[in-house]
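Engineer: show me how the following folds:
(chains A and B)
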Amino acid sequence: AQSVTQPDIHITVSEGASLELRCNYSYGATPYLFWYVQSPGQGLQLLLKYFSGDTLVQGIKGFEAEFKRSQSSFNLRKPSVHWSDAAEYFCAVGFTGGGNKLTFGTGTQLKVEL
Amino acid sequence: DTAVSQTPKYLVTQMGNDKSIKCEQNLGHDTMYWYKQDSKKFLKIMFSYNNKELIINETVPNRFSPKSPDKAHLNLHINSLELGDSAVYFCASSQGQNPNQPQHFGDGTRLSIL
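Structural biologist: So this is what the prediction gives:
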């Protein structure tokens, strides 16, 4: 069965610093990978997705993620964090034949210090 | 013009009661989902419907009964509420069941059992 691991439960960065959130997945074939962001009291908003092709994908709000098959990773990055980026970030994996069932990681809570 | 809307936003009720949560999407999607987010922010799929047909039914107590009157609506009825049902319930929708179709989430219904 597929699984997703987000090793960092909490991360604190200073505003303007760079950010990398880690995500590792376990799945036998090429997965469908997603990053979602959840602001307090809100639903999940899709930041970016990877299905195939270029392994570096660009998303909204200045985020990008890189798919590395050899490391089974899909880490999320942003070169300069803004205070409004403070939120919970979820990595998720989908797979063919799963009925679009998403398996989520446990999330990483990002705190931004001013 | 909310894409995926859930009602109510907050629900506080006594143990043993029966309650319903409603979800509507105006994106023209044909697939809808219910997810449960526990107190540790872990998200897990409960059900999925495609064109009113049940597609995914995870290991969920049969006190939970989803109903899809049409492809734009997916409701969740919960009988005999228990303390462990306290969570945030998210509705989502997508076009089709292919994992390359991102899911769009509502803002959640926060259910608290007293």
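Engineer: now chain B against chain A: closest residue?
Structural biologist: Chain B approaches chain A most closely through B:Pro99 (3.2 Å), counting by Cβ to the nearest Cβ. For the C-beta atoms, the positions are set from N, CA and C on the backbone; glycine is no exception.
Engineer: next, count neighbours for that residue.
Structural biologist: Residues lying near B:Pro99 (other Cβ atoms under 10 Å in any protein chain shown) number 25.
Engineer: for it, which non-adjacent residue is closest in space?
Structural biologist: Nearest non-adjacent residue to B:Pro99, counting by Cβ to Cβ, 6 or more residues apart in numbering or on different chains: A:Gly94, 3.2 Å away.
Engineer: show the contacting residues for that neighbour.
Structural biologist: A:Gly94 makes contacts with A:Pro31, A:Tyr32, A:Phe34, A:Asn100, A:Lys101, A:Leu102, A:Thr103, B:Pro99, as judged by Cβ atoms under 8 Å, 6 or more residues apart in numbering or on different chains.
Engineer: can you put those in JSON lines and add distance to B:Ser39?
Structural biologist: Shown next, in JSON lines, are those (distance: Cβ to Cβ, whole Å):
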{"residue": "A:Pro31", "distance to B:Ser39": "28"}
{"residue": "A:Tyr32", "distance to B:Ser39": "28"}
{"residue": "A:Phe34", "distance to B:Ser39": "23"}
{"residue": "A:Asn100", "distance to B:Ser39": "26"}
{"residue": "A:Lys101", "distance to B:Ser39": "23"}
{"residue": "A:Leu102", "distance to B:Ser39": "20"}
{"residue": "A:Thr103", "distance to B:Ser39": "19"}
{"residue": "B:Pro99", "distance to B:Ser39": "28"}
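Engineer: quick one: the closest residue to B:Ser80 other than its chain neighbours and B:Val88, what's the gap?
Structural biologist: Residue nearest to B:Ser80 in three dimensions, not counting chain neighbours: B:Arg63, with 5.4 Å by Cβ to Cβ, 6+ apart. Distance check for B:Arg63 against B:Val88: by Cβ to Cβ, to the nearest Å, it reads 18 Å.
Engineer: the more surrounded of the two?
Structural biologist: More crowded of B:Arg63 and B:Val88, by other Cβ under 10 Å: B:Val88, with 20 against 13.
Engineer: the helix or strand where that one lies near chain A at all?
Structural biologist: Secondary structure from DSSP states H and E places B:Val88 in strand B:87-94. Yes: with Cβ under 8 Å from any Cβ of the partner chain as the criterion, chain A is reached by strand B:87-94 at B:Phe90, B:Ala92, B:Ser94.
Engineer: and what of stretch B:27-41?
Structural biologist: Yes: using Cβ under 8 Å from any Cβ, stretch B:27-41 reaches chain A at B:Thr31, B:Tyr33, B:Lys40, B:Lys41.
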